[in-house]
Every structure is written in C-alpha cells, then in structure tokens.
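Peer 1: Fold the following.
(one chain, ligands or ions: 2)
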Amino acid sequence: MRHMWSSINVEKEPVKVLVTGAAGQIGYALMPLIARGVMLGPNQPVTIHMLDIEQAAEALHGVKMELIDGTFPLLRGVVATTDVVEACSDVNIAIMLAGIPRTEGMERKDVMSRNVSIYKAQASALEQHAADDCKVLVVANPANTNALILKEFAPSIPEKNITCLTRLDHNRALGQIAEKLKVQVNDVKNIIIWGNHSSTQYPDVNHATVTTSSDERSSGERSVRHLIADDKWLNTEFITTIQQRGAAIIKARKLSSALSAASAACDHMRDWVLGTPEGTWVSMGVCSDGSYGIEPGLIYSFPVTCQNGEWSIVQGLKIDEFSRVKMDATASELLEEKSLAYSCLG
Ligand SMILES: NC(=O)C1=CN([C@@H]2O[C@H](COP(=O)(O)OP(=O)(O)OC[C@H]3O[C@@H](n4cnc5c(N)ncnc54)[C@H](O)[C@@H]3O)[C@@H](O)[C@H]2O)C=CC1
Ligand SMILES: O=C([O-])CC(=O)C(=O)O
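Peer 2: Ligands and ions are numbered 1, 2, ... in the order given. Below is the predicted model of the structure:
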C-alpha cells in the first residue's frame, strides 16, 4: 500500500477521507472544511466517502449535491453510500461520527448501548477494506469507549492509528483561559485534557503558558496559573465549565455542539498528519502505553506532540497530588465504561 503522507508530487494524489454519520449535523459542518483543505492542507486534493444509514440516504444525497455545488478546487470526488464496504474501501483517513447524540439530562455514556455496537460492526469493515495506514478518529460518544471497542474488534489496525476526539475539550479550555485573561486564543498553549471525553475529564493548566507581548524587560511565555493568580477559580469553576460545556450547549441549542466539534476534528487530524508546532502540544485520546500510571490499552486523553504522521505522549511532566486524584478518577470511569460496553455487546 502506498504511503500518502510522504508524497512529494506537485499534483498530489487525492487522500480518501471517510466520514461516517455524514448526513448528521457534525457531518454538515465538517464536509466543507475537509473540501476546503482545512483538515489536510491547502495543497492536498481529497476524495470524500460519506456513509450513513438507509433512512438518511436521501439527506446524504442532498449533502453530495451541495458539495458539488460548492465547487471546491481540492475536491476530486464524492462517494455517498449506505454500504459500509464501499465507504471504507481504501480510505486513508476515517472520521467516525456515526451514532446517536445524547439529549438534555443524559451523560455521554447513556448512549453507549446504541452506539457501541456500531463500532464493533464498523471495526471489521475498516480492518478489511481501509488502506493499511488509515488514521482513525472516533468522534461519536462515548468517544473513548467507542474507540476502544473499535481497537479491540480490529486487532490488525495498529493501535497507534486509532484515536478519539478530546481536542474540542482542549480548545474549549484554551478559549476559557483566553477570555479570562483577555488575550488572543492563539497566544495560549499547552493546556492538557486528561482522560475521558466526559464530565470526569481533567482540564489541567499547570503547564499552560501565554505568549506575552515583549517590552524592554520581558518577553516570551508566562505561566497561565501565575497570570490568572486565582487558584480557587482554576481548581473549581474553570474545571467544571469545561467538563459541562457540552451539556451547556445542548441546553442552549437543544442540539449538541457541531461547528466546534467539526472544527476540532479538523484540528486533530491536521496536527496528527502535518505535525504540531515546535514547543506546542495538544490533547488526543490515544491508546495508553502506561505513561503517567494509566492502565495500558485504555483510550485516554494525553498531551501529545505529532511529527511525521505519528503522535507521541509528552513525557516527564510533573504531576501534583490534586492532578493525580483527578487523572485516576477519569481512568476509573473509563474502566467502568469498558465493562459496560462489553455487557452491552453481550
Ligand atoms: N467527541 C466530541 O467532542 C463530540 C462528540 N459528539 C458526538 O458525535 C456524534 C454525532 O453527532 P451529530 O452529528 O450531532 O449527530 P447526528 O444525529 O446529527 O448525526 C449522526 C448521524 O449518524 C448516522 N448513523 C447512525 N447509525 C449509523 C450507522 N450504523 N452507520 C452510519 N451512520 C449512522 C445517523 O443517521 C446520523 O445521520 C454523537 O454521538 C455526538 O454525541 C458530538 C460533539 C462533540
Ligand atoms: O456533550 C455532548 O453530548 C456532545 C459532545 O460530546 C460535546 O459537545 O462535547
């Protein structure tokens, strides 16, 4: 199998991108971003494979018509199908949105029984029909556990190629810090989301910095905790705001977040494929190798850097007692979700 990422042709071969659940609301926000090169870069042609279920086939066809009408120069083809084999064939990237979203008053794991079986079924289709180096991003909730099930039922897909989305939580945390400090969001970096994409996740600012404008005496990066100078806010309200942001959006919109989720999915894939900027890390749900004492094999959100199409967990960060307790609590929830998932699968 050819390796798409090392291509140096001026006219690159199109990358095949699968989007499952493509007729849904995240799909509708995501597709134009992919077609415009926001996900894979402004010089990378793409072919989009859209998968949905029979009941959504007509809506899916409507999205295909809109993509054609969008006259996107990088878009070299659109497949709209309800056939999982056709959808998965030779894809280099798989963005998994398929599933039902939660509604007001539910936790994300409450959609487990409906969604986890999709990930078991689609694991084998991906394993058998996707390109060998296919990179998979699971977005549908419960995202970490769906990714875990996909990994366990597709044992020939390398573990390092299966990830889940916690970049939305990461971006939310950057946004809250930027608002609090009244700085550009671009100037804030190295926040960490540890653990589950759920209300037990731990948004950690202990290593986060803000790039301050230089003056005669100071320039460079300053600690977020130091600049905010309000540990009480950082250790309580900030954390719960990020943990509950998805629920707050459902309450306000009566629908779960879509434009920010689509944007975060692009950020996740772009950084994975094209690399993270020097000195910057991002949060990704990846298979634990035991780093920071997290049970190996769990899909857990860690700080990562990416280079040459591979992510690596940032090592050696100092973890204080407050963080340790929160990191372990979200790991425990993931272990519970894993056994719940297996009981749902029978
Ligand atoms: N990880 C994250 O940060 C976020 C995750 N989500 C989750 O993403 C998922 C998608 O959200 P929305 O687009 O708002 O939902 P939606 O309901 O608008 O779209 C989901 C689509 O999946 C399709 N679908 C269902 N079963 C399928 C199957 N077996 N094969 C193919 N397609 C199938 C449905 O027909 C529908 O078109 C939800 O589970 C939601 O909770 C949402 C926001 C953020
Ligand atoms: O909260 C939800 O159910 C949707 C989601 O995952 C998010 O917005 O983070």
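Peer 1: what's around G275, how many residues?
Peer 2: 15 (other Cβ atoms under 10 Å). Heads up, the C-betas are built off the backbone N, CA and C, glycines and all.
Peer 1: Quick check: it vs T211, distance?
Peer 2: Using Cβ to Cβ, to the nearest Å, G275 is found at 19 Å from T211.
Peer 1: likewise N161?
Peer 2: Applying Cβ to Cβ to N161 and T211 gives a distance of 33 Å.
Peer 1: Show me which of the two is the more surrounded one.
Peer 2: The residue with more neighbours, out of N161 and T211, is N161; 22 against 15, by other Cβ under 10 Å.
Peer 1: Which residues of the stretch 101-250 of the chain lie near ligand 2?
Peer 2: Taking Cβ under 6 Å from any ligand atom as the criterion, the stretch 101-250 of the chain approaches ligand 2 at residues 101-102, 108, 141, 168, 246-247, 249-250.
Peer 1: cutoff 5 Å now
Peer 2: 102, 246 (Cβ under 5 Å from any ligand atom).
Peer 1: The stretch 101-250 of the chain: strands as residue ranges?
Peer 2: 135-138, 162-164, 188-189, 192-194, 202-204, 209-212, 220-223 (DSSP state E, counting those that start in this stretch).
Peer 1: which one of these lies closest to G346?
Peer 2: With Cβ to Cβ, the closest approach to G346 among those belongs to strand 135-138: 21.1 Å.
Peer 1: one step back: let's have the strands of the stretch 101-250 of the chain in JSON lines, adding mean pLDDT and distance to V15.
Peer 2: Output for these, formatted as JSON lines (pLDDT from 0 to 100; distance: least, Cβ to Cβ, whole Å):
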{"stretch": "strand 135-138", "mean pLDDT": "98", "distance to V15": "10"}
{"stretch": "strand 162-164", "mean pLDDT": "98", "distance to V15": "17"}
{"stretch": "strand 188-189", "mean pLDDT": "98", "distance to V15": "27"}
{"stretch": "strand 192-194", "mean pLDDT": "99", "distance to V15": "27"}
{"stretch": "strand 202-204", "mean pLDDT": "98", "distance to V15": "32"}
{"stretch": "strand 209-212", "mean pLDDT": "93", "distance to V15": "32"}
{"stretch": "strand 220-223", "mean pLDDT": "93", "distance to V15": "34"}
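Peer 1: Out of those, which is closest to ligand 1?
Peer 2: strand 162-164 (6.6 Å; Cβ to the nearest ligand atom).
Peer 1: which of the residues in that closest one are buried?
Peer 2: By neighbour count on 16 or more other Cβ atoms under 10 Å, the buried set for strand 162-164 is 162-164.
Peer 1: Kindly reformat those residues as TSV containing distance to ligand 1.
Peer 2: What follows is the buried residues of strand 162-164, written out as TSV (distance: Cβ to the nearest ligand atom, whole Å):
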residue	distance to ligand 1
I162	14
T163	11
C164	7
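Peer 1: on that earlier part again, nearest to A329, of the strands of the stretch 101-250 of the chain?
Peer 2: Nearest of these (Cβ to Cβ): strand 202-204, 7.8 Å.
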